[in-house]
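Trainee: Quick one: sequence plus predicted model below, questions after.
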Amino acid sequence: MNQRIFSGVQPTGNLHLGNYLGAIRNWVKLQDDYECLFCVVDLHAITVWQEPEKLRQSTRDVAAALIAAGVDPKEQIIFNQSQVPGHAELAWIFNCVARMGWLGRMTQFKEKAGKDRENASVGLFAYPSLMAADILLYKGTHVPVGEDQKQHLELARDIAQKFNNDFKTETFPIPEPLILGTSTRVMSLKDGTKKMSKSDPSDLSRINMTDDADTIARKIKKAKTDPDLLPDTVQGLDGRPEARNLLGIYATLAETTVDQAVQTFAGQQFSALKTELSDVAVANLAPIQDEYRRLLADKGHVDSVLADGAERARTMAEPVLREVQDVIGFLRVKLSRKPT
Ligand code: AQP
């Protein structure tokens, strides 16, 4: 069987350097070795409130950013999740396979729902069932996951296994995590212990993929530091989350190791690192931004890429859904009218 990857990104706002270095940049590399589905996961996004017009725009923006970063929409499939109804359909079936206790243990739900759990959407609770459906709808064999998504992938594996056991079938592969050595966890510029996030209320906490050179330089200049000079060993970064974060981002962008970056800036002030970091961030992002603007200016282009992707994804999903329906015992009736 082909090795098939499913990856998703939520259209919940501006993509930032964390999304790029932690995910998108790696996806671009994966397309050489795997058959990939890259999905703008709008069904996941609505587990918390989204303004309809912004959601539509963010969906286009995220798709454009993926293409601008180097995902090839002809070779791979780029689509938005809501346009392939099989995701929601299989997620429902998986809601009936997953156990309350399994979902109740998910730390992301606890974090995102916070103290106001009673007020969280049912969708936020059931989010991991949808994530399992995203992968298994295409019999995905591998999922590139960051630390924060490991628990959800475990759950997807448990769901696949329970489905296969309950129905005595081998319908679903048990998807494997693809831990990428190159992936980086990028932390907030305002707090080195919190991850850089689209939903952080402070725009100064993140570098958006669309920030211009001046904005990038200003945000890095304002980034939180500590009063000491930069250390001369990696061990010297212990207990210094901001220094670790800035050096980590620098190392990833400059395609070097953290060890090497520490050597480069040993004993220097943060300002020296910040200047270099701004330059390397701009050098990495500028070509992507040019292409991104060009794609969005070409009215209708991104929508046509998404339409093509959705059609191809539907074609792949249909036989899997039919197989699942047969296994479960749903009576499949012949429709005289083609569904839209
Ligand atoms: N700070 C980060 N460092 C490294 N990787 C990150 N990712 C997100 N933030 C960082 C990775 O980006 C991919 C897409 O993420 P997502 O948009 O689906 O959701 P998220 O992880 O919840 O990202 P945000 O920015 O924190 O969004 P909000 O604020 O809406 O929740 C994933 O592979 C993720 O690991």
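Mentor: Received, thanks.

Trainee: Just the closest residue of the stretch 201-340 of the chain to the ligand, please.
Mentor: Using CB to the nearest ligand atom, the closest approach of the stretch 201-340 of the chain to the ligand is made by residue 206 at 7.9 Å. In this view, the C-beta of every residue, glycine as well, is placed from N, C-alpha and C.

Trainee: Who are the contact partners of that residue?
Mentor: Residues near residue 206 by CB atoms under 8 Å, 6 or more residues apart in numbering: 14, 16, 17, 18, 188, 189, 196, 197, 198, 200, 219.

Trainee: what sits against the second one?
Mentor: By CB under 8 Å, 6+ apart, residue 16 lies in contact with 186, 196, 197, 198, 206, 207, 208, 209.

Trainee: what's the neighbour count on residue 235?
Mentor: 8 (other CB atoms under 10 Å).

Trainee: farthest pair in the contacts of residue 16?
Mentor: 197 and 209 (13.9 Å; CB to CB).

Trainee: ok, which stretches of the stretch 51-200 of the chain are helices?
Mentor: Remark: helices assigned in the stretch 51-200 of the chain by DSSP state H, counting those that start in this stretch are 52-69, 86-95, 100-104, 107-113, 122-136, 150-166.

Trainee: The contacts of residue 206 also near the ligand: which ones?
Mentor: 18, 196, 197, 198 (CB under 6 Å from any ligand atom).

Trainee: can you pick the most crowded of those residues?
Mentor: If you count neighbours using other CB under 10 Å, the busiest of those is residue 196, which has 23 neighbours.

Trainee: Check that one and give its pLDDT.
Mentor: pLDDT, residue 196: 94.

Trainee: That one against residue 205, yeah?
Mentor: Yes: between residue 196 and residue 205 there is a contact under CB atoms under 8 Å: 6.6 Å.

Trainee: now the residue in the chain that the ligand sits nearest to: how far from residue 197?
Mentor: Proximity of the chain to the ligand (CB to the nearest ligand atom) peaks at residue 22, 1.9 Å away. Residue 22 is 11 Å from residue 197, where distance means CB to CB, to the nearest Å.

Trainee: now residue 48
Mentor: 13 Å.

Trainee: Could you do residue 284 as well?
Mentor: Counting by CB to CB, the gap from residue 284 to residue 197 is 20 Å.

Trainee: What mean pLDDT does stretch 206-219 get?
Mentor: Mean pLDDT, stretch 206-219: 95.

Trainee: Single out the most deeply packed of the helices of the stretch 51-200 of the chain.
Mentor: helix 122-136 (a mean of 22; mean count of other CB atoms under 10 Å).

Trainee: Share the number of residues neighbouring residue 75, please.
Mentor: The local packing of residue 75 (other CB under 10 Å) involves 10 other residues.

Trainee: Around the ligand, pick out the residues from the stretch 51-200 of the chain.
Mentor: 146, 148, 149, 185, 186, 195, 196, 197, 198, 199.

Trainee: Please indicate which of these are buried?
Mentor: 146, 149, 186, 195, 196, 197, 198 (16 or more other CB atoms under 10 Å).

Trainee: quick one, phi/psi of the residue in the chain sticking out farthest from the centre?
Mentor: Centroid-distance maximum for the chain: residue 336 at 39.2 Å, with CA atoms, centre = their mean. Main-chain dihedrals, residue 336, degrees, to the nearest 10: phi -80, psi -20.

Trainee: same deal with residue 40?
Mentor: With angles defined as degrees, to the nearest 10, residue 40 sits at phi -90, psi 110.

Trainee: Report pLDDT for it.
Mentor: According to the prediction, residue 40 has pLDDT 98.

Trainee: if I pick the nearest residue to it once chain neighbours are set aside, what's in contact with it?
Mentor: Distances taken as CB to CB, 6 or more residues apart in numbering place residue 80 nearest to residue 40, at 4.3 Å, with adjacent residues excluded. Residue 80 sits next to 11, 39, 40, 41, 42, 59, 63, 306, 310 when contact means CB under 8 Å, 6+ apart.
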